[in-house]
Structures are given as structure tokens and as C-alpha cells.
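In: What shape does this take:
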Amino acid sequence: MPYRTEFTDRGVIHVCSGIVTGEELVAVARESNSSPGRRGVLEYGQVDFTAVTELRVNNAELRRVANEDQITAARFAPTAVVALVTPSSAVSGVVRVWQILTETTGWQSEMFKTRDEAERWIESKITPP
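Out: Numbering: from 1, shown residues only. Now for the predicted structure:
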């Protein structure tokens, strides 16, 4: 899975493309917990699945991603908002399972069809600097 991760002053943006596997998603979640690019508390996250052609992930892998996200929430992002860009219904179904598995993080997450919609929602939810 080609992906790009960008840390901003207040959050993190992941952009995925091509064929995405569960193992790759677990690796990205782990990397987010140990990345030297991360700065302090994260107020938001955005995951863009627009360019994903196939999502190959099973429930056990989704649980592992959710477990890593629990660590992220406890250490760096206890009240983050997470925008998920999922134009494909197949990807949306998997992302919805992730949302259920991460309900106890304290995160507010929403799915959007476009990155513009996701960015507007994030801006409406976080406090201006």
C-alpha cells in the first residue's frame, strides 16, 4: 500500500492508495505511535481512502488497528476528531466496523465522500489556535 503520513501542528493525515492490506494498516497505526514526526497532543486525524482500489482486511486485523488506536488515544489524542474519506461503499463498510471498535477511545469520527467535506468538518470541530 503506498501511503503518505503527514503530521501537522495539530493533527495527522494519512493518505492511502492502491491495494491496502490489514497488516499495512496495523503497521501505519503502530508507526503513528512511535513516529518522530509527531508533535504533542493530536486534535484531529484524517484518513483518505479515495485512491484505494481494494481493501483486504479481516476482523482480527481491524481489532489490532483499533488496539493501536487505543494507545494513540491514551497517549496523544484523548479527544480527537477523526475524518474518514471513503467514497467507496466497500471501504465504508470496513471503516464502519473500525468506528465501532474504537468507540471507547473518546474520539468523534465521521465518514465523508470527499476530502473537502472532511476538512470542513475538522475545521468546525477543533478550536482555532
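In: Next SSE downstream of the top strand by length along the chain?
Out: For the chain, the strand with the greatest residue count under DSSP state E is strand 44-56. Scanning forward in sequence from strand 44-56 by DSSP states H and E, the next helix or strand is helix 59-75.
In: Identify the residues contacting the very next helix or strand once past that following helix?
Out: Following helix 59-75 in sequence order, the next helix or strand is strand 81-85 (DSSP H and E). With Cβ atoms under 8 Å, 6 or more residues apart in numbering as the test, strand 81-85 has contacts from 43-50, 95, 99, 107-115, 117-119, 121-122, 125-126. Quick note: C-beta positions are derived from backbone N, CA and C, even for glycine.
In: How about the spatially most central residue of the chain: what's its closest non-neighbour residue?
Out: Centroid check for the chain by Cα atoms, centre = their mean gives Val47 as the closest residue, at 4.3 Å. In this structure, Val47 finds its nearest non-sequential neighbour in His14, 4.7 Å apart by Cβ to Cβ, 6 or more residues apart in numbering.
In: I'd say that neighbour and Gly45 touch.
Out: Yes: counting by Cβ atoms under 8 Å, His14 touches Gly45, with 7.5 Å between them.
In: partners of the longest strand of the chain, with directions?
Out: Sheet pairing of strand 44-56 (DSSP bridges) gives strand 11-21 (parallel), strand 81-85 (parallel).
In: and the angle for the last one with helix 59-75?
Out: Relative orientation of strand 81-85 versus helix 59-75 (axes from the mean of the first three to the mean of the last three Cα atoms, to 10 degrees): 150 degrees.
In: Okay, buried residues for the helix or strand following strand 81-85 please.
Out: Next along the chain after strand 81-85, taking DSSP H and E as the criterion, comes helix 89-101. By neighbour count on 16 or more other Cβ atoms under 10 Å, the buried set for helix 89-101 is 91, 94-95, 98-99, 101.
In: Mind checking the pLDDT average for stretch 71-89?
Out: The pLDDT scores in stretch 71-89 average 93.
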